[in-house]
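Novice: build me a structure from this.
(one chain, ligands or ions: 2)
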Amino acid sequence: MHNVIRKTDADLLLTPNFSDYEGGRRHFSWEDERQRLAGLPGGGLNIAFEAVERHASGALRDKTAFRFLGRDVPAQDVSWGELSRQTSRFANVLRRLGVGKGERLFVLAGRIPELYVAVLGSLKNGTVVSPLFSAFGPEPIATRVNLGAGRVLVTTESLYLKKVSRWRDKMPTLEHVLLVADEAGSTTAVSGTLDLASLMALEPDDFELEATGPEDMSLLHFTSGTTGTPKGAVHVHGAVLTHHATGRFALDLHREDTYWCTADPGWVTGTSYGIIAPLLHGVTSIIDREEFDAERWYGILEQEMVSVWYTAPTAIRMLMKAGAELARRHRFPRLRFVASVGEPLNPEAVWWGKEVLGLPIHDNWWQTETGGIMIANTPAFDIKPGSMGRPLPGVEAAIVERQEDGSVKLVDTAGKEGELALKAGWPSMFRGYLHNEERYRKCFADGWYLTGDLATRDEDGYFWFVGRSDDVIKSAGHLIGPFEVESVLMEHPAVAEAGVIGKPDPMVGEVVKAFVSLKLGFEPGEPLRLELLGHARKRLGAAVAPKEIDFLPTLPRTRSGKIMRRLLKARELGLPEGDTSTLEGGA
Ligand code: ATP
Ligand code: MG
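Specialist: Ligands and ions are numbered 1, 2, ... in the order given. Next up, the predicted model:
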């Protein structure tokens, strides 16, 4: 299974930014990276200045920064010049309302231009911004606004009426609600709100940026809620160094690219890499307002001539489920680099990319807490399908064991499991969990940030994901990572998705139980169940293979697309489901 996908120059349409892994790491420093950015005129650092202003006053003024697509609306191109003017107007609105540096603004909207303007405009004003998934219900919205002491909310008229207005008194800090009209024109004078377009029309389109520094707070992002109640991770303007470096190293962004990040800004990927990184590199981004649709997505890759594509395993699994036939009706001659994040990428999916898109998929690993990509498969080295790659320049990663006395011990043996840790201090490291100082402190020991993920490192320095420490199964003295079992199930032609849990058992501690959903054209039933059990036992051995397999039409997942094993487990055991605010399809 651990075959290698070799990189050859013939695979590449462009000279990659990063081709010498060892040399690139040796010569990298964050100080040099800082020099690649402009910095604010009076000193200081601001994400929006680097992403927007720097280019808007130069050669990229008229280049398309964002191209918005939607089913029932014409495509809309926004240039750097236009983005600069709009975000300045927005920042002026905030200043006029008396909203300043460090105060919190939430955005609740689909992927419409106003969301992007609000995020970047807030950053210009030094206001801390937190984009929320538009599909959130009233409860998760209020919880997050309250946790962040939100003073301003930017949302659409219909979302406001449906999800906010009746709960407004539950959000005592919320002073200003800025509404975007559902259709062109202004909003219908909803009481207690202000019409954003009218306010912006009154403001000048230039703005003197707030003097922010690298340690000033920029974004507040909530974790996905895969393992429990989402945590609010605090980020700073200095994170822009990581966004810039990783855009080069892990996404291989070049000026001539057309880039599509499929993540919603409600998830950190949709902000760090759906907004900031491509803007920093002067790259045109595609933004699709619609939800996943296999046919539509292949169409966008083809028609928009996407060259760099950043997506997630859940989307890849859904494309695989839809069948290769659909893909073959499309051509992707300009596509040259595909990357994925969010969950482990099964080797099957990496190979699928090679077969169907003509390119392997580059898995990379990071978290809301890390603010940017930390470990990645890059153009600079061969891919070992199933591995999340190697640490990027400027990032030191290790496998460690926590000791009783609170210190950590480095695990040097290749292939030995332990907790994945990062040497603290990279620029986009989170600076706190909102209102949870204790939990934040517990993430650090001996100068390392402990990620809560279990992994191994091989003799070539590649990292392999084993599972989240909460998800790992202890069975008859073995530690079993769900990913390994899920990947083997995915090798079977009938399986579209698999989620594996440990089910308490008096004899062995826990037994391995799998839930699978099937590809089109396959029927659940006893024969298939036995076949899958047999396949897994052959590949994994009796100690690790699942003892039970259930079929489900789809697996529960977060809005960022991650399989929620804790829900599979709670449902299996008849226990309370816990926080389901991020459950896809939930309220
Ligand atoms: P919560 O912390 O609320 O439970 P979450 O951890 O899913 O949610 P995110 O910050 O969105 O929230 O996700 C980061 C986690 O996603 C990582 O810690 C890891 O478990 C998983 N992950 C991300 N990328 C990869 C990858 N390439 N391979 C394996 N796991 C990944
Ligand atoms: Mg997490």
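Novice: when you work out contacts or count neighbours from here on, use the C-alpha atoms and nothing else.
Specialist: Will do.
Novice: how near is residue 470 to ligand 1?
Specialist: 9 Å (C-alpha to the nearest ligand atom, to the nearest Å).
Novice: got the contact list for that residue?
Specialist: residue 227 (C-alpha atoms under 8 Å, 6 or more residues apart in numbering).
Novice: for it, give me phi and psi.
Specialist: Main-chain torsions, residue 470, degrees, to the nearest 10: phi -70, psi -20.
Novice: can you tell me how far it is from residue 188?
Specialist: Separation of residue 470 from residue 188 (C-alpha to C-alpha, to the nearest Å) stands at 48 Å.
Novice: again, but for residue 14
Specialist: With C-alpha to C-alpha as the criterion, residue 14 and residue 188 are 50 Å apart.
Novice: got any ranges where the protein has weak pLDDT?
Specialist: 1-2, 9-11, 586-587 (pLDDT under 70).
Novice: scan it for its longest helix.
Specialist: Longest helix of the chain, by residue count under DSSP state H: helix 80-96.
Novice: who in this structure is up against ligand 1?
Specialist: Residues of the chain lying close to ligand 1 (C-alpha under 6 Å from any ligand atom) are 223-230, 341-344, 363-368, 388, 453, 465, 468.
Novice: out of those residues, list just those in strands.
Specialist: 363, 364, 365, 453, 465, 468 (DSSP state E).
Novice: remind me which helix or strand the residue nearest the centre of the chain belongs to.
Specialist: The residue lying closest to the centre of the chain (C-alpha atoms, centre = their mean) is residue 269, at 2.8 Å. Using DSSP states H and E, residue 269 maps to helix 268-271.
Novice: which elements pack onto that helix?
Specialist: Applying 3 or more C-alpha pairs under 8 Å, 6 or more residues apart in numbering; DSSP states H and E, we find helix 268-271 packed against no helix or strand.
Novice: contacts for that helix, please.
Specialist: With contact meaning C-alpha under 8 Å, 6+ apart, helix 268-271 is reached by 221, 222, 223, 261, 262, 263, 264, 265, 368, 371.
Novice: would TSV of those with neighbour count be doable?
Specialist: TSV is the format used below for those (neighbours: other C-alpha atoms under 10 Å):
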residue	neighbour count
221	29
222	23
223	21
261	24
262	23
263	23
264	25
265	29
368	25
371	27
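Novice: quick check: next helix or strand after the helix holding residue 269?
Specialist: Using DSSP H and E, the helix or strand that follows helix 268-271 in sequence is helix 277-280.
Novice: pull out the buried residues from that following helix.
Specialist: 277, 278, 279, 280 (16 or more other C-alpha atoms under 10 Å).
Novice: closest to ligand 1 among those?
Specialist: residue 277 (17.5 Å; C-alpha to the nearest ligand atom).
Novice: quick one, what contacts that closest one?
Specialist: 51, 243, 244, 246, 247.
Novice: next, count neighbours for the residue nearest to residue 121 when sequence neighbours are not counted.
Specialist: Once flanking residues are discounted, residue 121 sits nearest to residue 87: 4.2 Å by C-alpha to C-alpha, 6 or more residues apart in numbering. Neighbourhood size, residue 87 [other C-alpha atoms under 10 Å]: 29.
Novice: with the one 3 residues further on instead?
Specialist: By other C-alpha under 10 Å, the residues close to residue 90 number 31.
Novice: excluding chain neighbours, what is closest to it?
Specialist: Leaving out its chain neighbours, the residue that sits closest to residue 90 by C-alpha to C-alpha, 6+ apart is residue 121, at 5.4 Å.
Novice: does that neighbour touch residue 85 like I think?
Specialist: No. Counting by C-alpha atoms under 8 Å, residue 121 stays clear of residue 85, with 9.6 Å between them.
Novice: who's more crowded, these two?
Specialist: For residue 121 versus residue 85, neighbours defined as other C-alpha under 10 Å are more numerous around residue 121 (30 against 21).
Novice: re earlier: enumerate the positions of the longest helix of the chain that are buried.
Specialist: For helix 80-96, burial by neighbour count (16+ other C-alpha under 10 Å) applies to 80-95.
Novice: tell me how far it lies from the chain's centre.
Specialist: Relative to its chain's centre, helix 80-96 lies at 26 Å (C-alpha atoms, centre = their mean, to the nearest Å).
Novice: for residue 78, list each beta-bridge partner.
Specialist: Applying DSSP bridges to residue 78 gives these bridge partners: residue 66.
Novice: who's in contact with it?
Specialist: 64, 65, 66, 67.
Novice: so what's the residue lying closest to the first one once chain neighbours are set aside up against?
Specialist: Think residue 64. Nearest residue to residue 64 in three dimensions, chain neighbours excluded: residue 79, at 4.1 Å (C-alpha to C-alpha, 6+ apart). Contacts of residue 79 were listed using C-alpha under 8 Å, 6+ apart, and they are 61, 62, 63, 64, 65, 66.
Novice: enumerate every residue touching residue 543.
Specialist: Residue 543 makes contact with 475, 476, 478 under the criterion C-alpha under 8 Å, 6+ apart.
Novice: so it, which of the three states?
Specialist: coil (DSSP: H, G, I helix; E, B strand; the rest coil).
Novice: distance check, it against residue 474.
Specialist: From residue 543 to residue 474 the distance is 11 Å (C-alpha to C-alpha).
Novice: phi and psi next, for residue 133.
Specialist: The phi/psi pair for residue 133 (degrees, to the nearest 10) is phi -60, psi 130.
Novice: check the gap between the residue lying closest to it once chain neighbours are set aside and residue 77 for me.
Specialist: Nearest residue to residue 133 in three dimensions, chain neighbours excluded: residue 266, at 4.4 Å (C-alpha to C-alpha, 6+ apart). With distances taken as C-alpha to C-alpha, residue 266 is found 22 Å from residue 77.
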